[in-house]
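Visitor: Just to be clear, the model below is a prediction. Sequence and coordinates:
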Amino acid sequence: MAIDPERADLTVGIIGTGVMGRGIAQVAAEGGMTVLLADARLEAVAEAQRFCAEMIARKAQKGQIPEARAREAVARIRTTPAGPDAGYAAFSECDLAVEAVAENMAVKHAVLEGLEAAVRDDCIIATNTSSLPVTGFAAKARLPGRVAGFHFFNPVPMMRLVEVVGGALTEPWVLDALDAIAKRMGRRPIRTTDTPGFLVNHAGRAFTTEALRIVSEGVCDHADIDRVMTEVAGFRLGPFELMDLTGLDVSHPVMESIYHQYYEEPRYRPVYITAQRHAAGLFGRKTGRGFYSYADGKAAKPAEPAAPQLDLTGTSVWISRRHAEDTQALARVVAASGARLETGARPSGEALAIVTPFGEDATTAALAEELDPTRTVAVDCLFPLERRRTLMRTPVTERAALEAAHAILAADGSAVTAIRDSAGFIAQRIVAGIVNIGADIAQQRIAAPDDVNAAVEMGLGYPRGPLRFGDELGPQRILRILEAMQAFYGDPRYRPSPWLKRRALLGVPLTTPE
């Protein structure tokens with residue numbers, strides 16, 4: 001039993017005409033499909049039809065689609081009679097029915113019951129849920145084999161990704177048909193298994209939760225983290241900017257849901273900060289105040305302290321040789337500052353010592369090389385030392401040594417973020433977590449390695465997918481960071497994924513499939 005997804009008269013029914021439902025309706029109509037809209041609120045159906053027509057017309061005005069095609073797409077979007085029962089009856093000839101109602105399983109099950117009483121047995125029933133299990137949704141179905149997840153991302157017309165999710169009983173033909181339908185809509189379908197968060201929401205766990213953990217440890221503030229992750233690691237938004245944009249009313253429940261659905265897996269453990277701010281109603285942009293305050297849609301961000309202005313001609317600097325490539329990069333920075341670089345095997349008694357640890361904190365790195373921790377600082381060399389540099393001190397680093405290090409790193413005009421001692425700095429902790437979770441998604445066979453990368457780049461907007469990130473930075477280096485953090489914290493949160501560990505030991509790319 002299967003439908004022909006390429007059929008010219010393919011009909012798609014959409015239940016729920018909010019932001020997601022109307023977005024799906026628009027791309028389906030643009031893909032040449034007839035669209036039927038239904039909602040418990042009749043006026044919402046008419047509003048959605050008008051909205052879709054306006055959006056399609058706007059695309060034609062911008063020359064993004066031909067005017068004739070736009071008119072045809074608008075004509076294909078139809079409303080159903082008043083009331084949910086009448087709306088379901090109108091779906092009797094649908095080939096695909098997509099529910100896009102509230103994220104409440106009882107509500108979704110009520111929709112499922114109404115649909116199954118109306119549609120043909122070969123009609124696919126799909127849920128656009130972002131966080132509820134597809135298998136749980138299908139459990140109340142008369143024919144669970146024709147039920148699957150079809151998860152679009154907001155705003156649908158702009159986000160090219162759609163997750164095609166098979167439940168425990170979903171039949172293969174259903175997934176194949178949804179793949180083809182997604183392509184007709186101009187989307188990139190990504191196959192993923194029915195696990196908490198599916199692929200994209202699952203893969204996004206480390207970016208925000210590790211950032212929150214850094215703040216909870218008093219390492220630095222949220223603005224420091226956002227600056228490092230955008231200017232150093234290349235993300236379009238920092239984790240706190242992202243949470244303010246999404247809204248804690250959305251992101252905090254998802255954090256808790258995925259954590260509990262995975263039976264308290266430490267890698268996904270939330271931090272009390274979001275629960276506290278959620279209770280206070282500090283959701284972000286939509287409430288005018290989140291991690292930042294907003295006026296006219298613009299965030300008020302704290303100014304950075306100015307770099308110390310020092311005469312560095314008499315300052316001696318010694319750089320650790322544990323990582324030769326990083327030693328050379330830092331040596332060029334020191335030379336440009338006017339400070340004197342010591343080249344001996346050990347620093348002199350007056351020298352500022354700079355270490356370049358991966359996964360270790362400044363204290364551990366200083367003691368490992370038998371350096372004086374009062375005159376030792378650490379610099380993060382995971383990414384090139386170009387736009388911004390991260391400087392870390394031990395708890396006993398003397399103020400004069402810290403100021404000298406700050407002045408040296410800022411002498412060529414580069415920005416410097418100074419933080420307290422932390423195993424893994426900022427970028428190392430967050431990026432290693434992203435890579436590790438991506439590797440474990442591949443390990444669990446939730447999705448293929450190439451799909452993991454594509455989904456994260458398209459769905460989350462990361463500069464690189466997690467496995468691609470790991471390959472560019474070096475799987476061995478990422479493994480070293482995670483093992484050092486796990487050793488320091490004793491927290492299984494940082495345990496390396498078997499997928500990452502084996503490939504790092506073998507010296508092969510993380511994208512290498514099995």
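Guide: Nice, I can see it.

Visitor: show me the contacts for the residue nearest to A307 when sequence neighbours are not counted.
Guide: Closest residue to A307 apart from its sequence neighbours, by CB to CB, 6 or more residues apart in numbering: A410 at 3.6 Å. C-beta: built from backbone N, CA, C; applies to glycine. Neighbouring residues of A410 by CB atoms under 8 Å, 6 or more residues apart in numbering: 307-308, 389, 416.

Visitor: buried subset of the residues you listed?
Guide: Listed as buried from the contacts of A410 are 307-308, 389, 416; burial here means 16 or more other CB atoms under 10 Å.

Visitor: who's in contact with L352?
Guide: L352 touches 315-318, 339, 375, 377, 401, 404-405, 408, counting by CB under 8 Å, 6+ apart.

Visitor: scratch that, D4
Guide: D4 touches L10, counting by CB under 8 Å, 6+ apart.

Visitor: what's the answer for R322, then?
Guide: By CB under 8 Å, 6+ apart, the neighbours of R322 are 355-357, 369.

Visitor: just to revisit the earlier point, give me the subset of the contacts of A410 that lies in strands.
Guide: 389, 416 (DSSP state E).

Visitor: Check the contacts of A410 against V12 and report the nearest one.
Guide: Top of the list for closeness to V12, among those and by CB to CB, is R389 at 52.0 Å.

Visitor: hang on, that closest one packs against V379?
Guide: Yes - using CB atoms under 8 Å, R389 is in contact with V379, at 6.3 Å.

Visitor: shared neighbours, these two?
Guide: With CB under 8 Å, 6+ apart, R389 and V379 have common neighbours L409.

Visitor: What's the first helix or strand after the lowest-mean-pLDDT helix or strand in the chain?
Guide: Counting by mean pLDDT, DSSP states H and E, the chain has its least confident helix or strand at helix 84-89, which shows a mean of 68. Next along the chain after helix 84-89, taking DSSP states H and E as the criterion, comes strand 96-99.

Visitor: my read is K501 is in a helix, agree?
Guide: Yes - assessed with DSSP: H, G, I helix; E, B strand; the rest coil, K501 lies in a helix.

Visitor: Can you report how many residues neighbour it?
Guide: 18 (other CB atoms under 10 Å).

Visitor: Could you do R277 as well?
Guide: 18.

Visitor: now swap in F358 and tell me
Guide: With other CB under 10 Å as criterion, F358 counts 26.

Visitor: Tell me where the stretch 51-200 of the chain has helices.
Guide: 67-75, 84-89, 105-116, 134-138, 172-184, 200-203 (DSSP state H, counting those that start in this stretch).

Visitor: Check which helices and strands the last one sits against.
Guide: Helix 200-203 sits against helix 248-261, helix 427-443, helix 449-459, with contacts defined as 3 or more CB pairs under 8 Å, 6 or more residues apart in numbering; DSSP states H and E.

Visitor: what's it in contact with?
Guide: Contacts of helix 200-203 (CB under 8 Å, 6+ apart): 130-131, 153, 161, 163, 195-197, 254, 258, 434, 437-438, 441, 446, 452, 455-456, 459-460, 466.

Visitor: now the closest residue to P475 other than its chain neighbours, what's its secondary structure?
Guide: For P475, ignoring the flanking residues on the chain, the nearest one in space by CB to CB, 6+ apart is A504 at 3.9 Å. Under three-state DSSP, A504 falls in the helix class.

Visitor: Report the contact partners of A504.
Guide: 475-476, 478-479, 496.

Visitor: Compare those residues and tell me which is most surrounded.
Guide: That'd be I478 among those, by other CB under 10 Å, with 29 neighbours.

Visitor: quick one, strands of the stretch 351-500 of the chain?
Guide: 352-355, 376-379, 388-393, 415-419 (DSSP state E, counting those that start in this stretch).

Visitor: partners of the first one in the sheet?
Guide: Right, the one you point to is strand 352-355. strand 316-319 (parallel), strand 376-379 (parallel) (DSSP bridges).

Visitor: Now the element after the first one, going C-ward?
Guide: Spelled out, that is strand 316-319. According to DSSP H and E, the helix or strand after strand 316-319 is helix 324-337.

Visitor: average pLDDT for that following helix?
Guide: Throughout helix 324-337, pLDDT has a mean value of 93.

Visitor: Ok, stretch 263-278 next?
Guide: 97.

Visitor: With stretch 425-432 instead?
Guide: Mean predicted lDDT for stretch 425-432 stands at 98.

Visitor: what's next to that stretch, contact-wise?
Guide: 206-207, 210-211, 213-214, 219-220, 224-225, 228-229, 232-233, 239, 358-359, 378, 380, 382-383, 390, 392, 417, 419, 422-424, 469, 473, 478, 481-482, 485, 494.

Visitor: before we move on, what about stretch 216-226?
Guide: 211, 214-215, 237-241, 271-273, 291-292, 301-302, 417, 419-422, 426, 430.

Visitor: how far does it stretch from start to finish?
Guide: 15 Å (CA to CA, to the nearest Å).

Visitor: buried set for it?
Guide: Those would be 219-220, 222-226, for stretch 216-226 by 16+ other CB under 10 Å.

Visitor: Output the helices of the stretch 51-200 of the chain as JSON lines; include the columns distance to V333 and mean neighbour count.
Guide: Shown next, in JSON lines, are the helices of the stretch 51-200 of the chain (distance: least, CB to CB, whole Å; neighbours: other CB atoms under 10 Å):
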{"stretch": "helix 67-75", "distance to V333": "55", "mean neighbour count": "16"}
{"stretch": "helix 84-89", "distance to V333": "66", "mean neighbour count": "17"}
{"stretch": "helix 105-116", "distance to V333": "56", "mean neighbour count": "18"}
{"stretch": "helix 134-138", "distance to V333": "52", "mean neighbour count": "22"}
{"stretch": "helix 172-184", "distance to V333": "48", "mean neighbour count": "19"}
{"stretch": "helix 200-203", "distance to V333": "34", "mean neighbour count": "23"}
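
Visitor: Next, format those as JSON lines and append distance to T343.
Guide: As requested, the helices of the stretch 51-200 of the chain are exported to JSON lines (distance: least, CB to CB, whole Å):
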{"stretch": "helix 67-75", "distance to T343": "69"}
{"stretch": "helix 84-89", "distance to T343": "78"}
{"stretch": "helix 105-116", "distance to T343": "66"}
{"stretch": "helix 134-138", "distance to T343": "62"}
{"stretch": "helix 172-184", "distance to T343": "60"}
{"stretch": "helix 200-203", "distance to T343": "44"}
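
Visitor: Mean pLDDT lowest where, among the ones you listed?
Guide: helix 84-89 (a mean of 68).

Visitor: residue ranges of the strands in the stretch 1-150 of the chain, please?
Guide: Going by DSSP E, counting those that start in this stretch, the stretch 1-150 of the chain shows strands at 11-15, 34-38, 77-79, 96-99, 124-127, 147-152.

Visitor: related to what we said a few turns ago, can you say which of the contacts of R322 are buried?
Guide: Buried, going by 16+ other CB under 10 Å: 355-357, 369, out of these.

Visitor: And the furthest pair within those residues?
Guide: Every pair of the buried ones among the contacts of R322 checked by CB to CB; the farthest is T356 and E369, at 10.8 Å.

Visitor: need the contact list for V271.
Guide: Contacts of V271 by CB under 8 Å, 6+ apart are 209, 212-213, 215-216.

Visitor: Just put those residues in a markdown table and tack on secondary structure.
Guide: Shown next, in a markdown table, are the contacts of V271 (three-state DSSP):
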| residue | secondary structure |
| --- | --- |
| T209 | helix |
| L212 | helix |
| R213 | helix |
| V215 | helix |
| S216 | helix |
